[in-house]
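Enquirer: Sequence plus predicted model, see below.
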Amino acid sequence: MGEGAEVDKRGSSDRTQEEFIEYLRVERNASVRTLDNYAHALNRFQLSRGGSADWFSLTADTFRLYLFECMKAEWARSTIRLHFAALRSFYKFLTYRKGLKVNPLVEVQLPKPEKKLPVVLSIKQVEELLGLPFKVKQEKQAPDWIPARDAAIMELFYSSGIRLQELADLNVSDFDFYNETVRVFGKGKKERICPLGSTAVKAIQRYRNEASVTEDALFVSKLRKRISSRSIGSIIKKYLAHSDIAINVSPHKLRHSFATHLLNNGADLRSVQSLLGHASLSTTQIYTHVTTERMKQVYEGAHPRA
């Protein structure tokens, strides 16, 4: 095959990938993170093929070999499954939109996902962390309202169990003071209403009053622009460094703690699924394993014949 034909093939392949990413963005409302992950997965596969791939001529054995190479490189199972989720989604697009007759990935079986139990904080640890914003000395140039903002952010995380990006995206209009709820737009732009505890409501009101936040972004930076998800993660790390908590705490661990503490105190699984915004109940069920493990530990430590 001549050089010109090779370039044409590569150009056609790249255009097909660009159409797929645009389809995900416009028609599937995929998040920026999903778009980046899927584009990276397709490009990574192309690199394994020498920099280009004729998507319409690949076979199931091609992808089995790629799977073997990923496993030999000791990729985490979660990474492998993410890469193949992108490839499978791409091939569904080729089948339904580009006339591909046979989807080779239908025949490829992936390794089962590793079951990792989420790390959760105890109620005592949560209370310690949430009490730190007004105890820790702030930077000299920081506005006076920073402790109130940080306290409101952490109270909201633990009170509602919302995701990091969901919190960063909140607007003042999403917060309902009278009904003590917050409107959240989750994955796929799905809307849900999350109830809030009175402590979180008071913390948000205090922050809004002290920072004079009346419209647009609910949580703002020192420059009074919408706070980024990365900055929120840094806020949690800042207070963790001033605590006696021995584990690494991320915003997601506050979400894990929210779900686990609800189940430990009698909440039903369906309600927790709705509050977390999980599309599938199986995603929520991992928290039942956490509570079961806790019960086993209590049993083994307390029963004389355990």
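Expert: That came in fine, so what should we check first?

Enquirer: What about the closest residue in space to residue 69 that isn't next to it in sequence, how many residues nearby?
Expert: Nearest non-adjacent residue to residue 69, counting by CB to CB, 6 or more residues apart in numbering: residue 48, 6.6 Å away. The C-beta positions use only the backbone N, C-alpha and C, and glycine is treated the same way. Residue 48 has 14 neighbours, counted by other CB atoms under 10 Å.

Enquirer: Work out the gap between the helix or strand hosting residue 194 and the centre of the chain.
Expert: For residue 194, the element it lies in under DSSP states H and E is strand 191-195. Centroid separation for strand 191-195 versus its chain: 17 Å, with CA atoms, centre = their mean, to the nearest Å.

Enquirer: Which residue ranges make up the domains of the chain?
Expert: Domain assignment of the chain by automatic domain parsing yields the ranges 3-107, 123-301.

Enquirer: Is it correct that the residue nearest to residue 69 is in contact with residue 68?
Expert: No: look at residue 48 against residue 68 with CB atoms under 8 Å: they stay out of range, at 11.2 Å.

Enquirer: With mean pLDDT as new columns, can the domains of the chain be given to me in TSV?
Expert: Output for those, formatted as TSV (pLDDT from 0 to 100):
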stretch	mean pLDDT
domain 3-107	88
domain 123-301	88
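
Enquirer: Any chance of JSON lines for those, columns distance to residue 113?
Expert: JSON lines is the format used below for those (distance: least, CB to CB, whole Å):
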{"stretch": "domain 3-107", "distance to residue 113": "6"}
{"stretch": "domain 123-301", "distance to residue 113": "11"}
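
Enquirer: Contacts made by stretch 217-226 with the rest, please.
Expert: 141-143, 146, 149, 152-153, 167-168, 170-172, 174-175, 204, 208, 211, 213, 216, 227-228, 231-232 (CB atoms under 8 Å, 6 or more residues apart in numbering).

Enquirer: switch the cut-off to 6 Å
Expert: 143, 170-172, 227 (CB atoms under 6 Å, 6 or more residues apart in numbering).

Enquirer: Flag every buried residue along it.
Expert: By 16 or more other CB atoms under 10 Å, the buried positions in stretch 217-226 come out as 217-220.

Enquirer: Out of those, which is nearest to residue 248?
Expert: residue 219 (22.5 Å; CB to CB).

Enquirer: Okay, the closest one and residue 207: tell me how far apart.
Expert: For residue 219, the distance to residue 207 (CB to CB, to the nearest Å) stands at 8 Å.

Enquirer: so where does the closest residue to residue 144 other than its chain neighbours fall, helix or strand?
Expert: Leaving aside its chain neighbours, residue 144 sits nearest to residue 210 (6.9 Å; criterion: CB to CB, 6+ apart). Secondary structure assigned from DSSP H and E places residue 210 in helix 198-211.

Enquirer: So which residue is dead centre in this structure?
Expert: residue 163 (6.3 Å; CA atoms, centre = their mean).

Enquirer: need the strands for this protein, in chain order.
Expert: Listed in chain order, the strands of the chain (DSSP state E) span 175-176, 181-185, 191-195.

Enquirer: Would you list the strands that the second one pairs with, along with their directions?
Expert: Partner strands and pairing direction for strand 181-185 (DSSP bridges) are strand 175-176 (antiparallel), strand 191-195 (antiparallel).

Enquirer: which residues sit in contact with residue 80?
Expert: So residue 80 contacts residue 70 (CB under 6 Å, 6+ apart).

Enquirer: And it, how far from residue 55?
Expert: For residue 80 relative to residue 55 (CB to CB), the value is 20 Å.

Enquirer: just residue 249 next, same as before
Expert: From residue 249 to residue 55 the distance is 43 Å (CB to CB).
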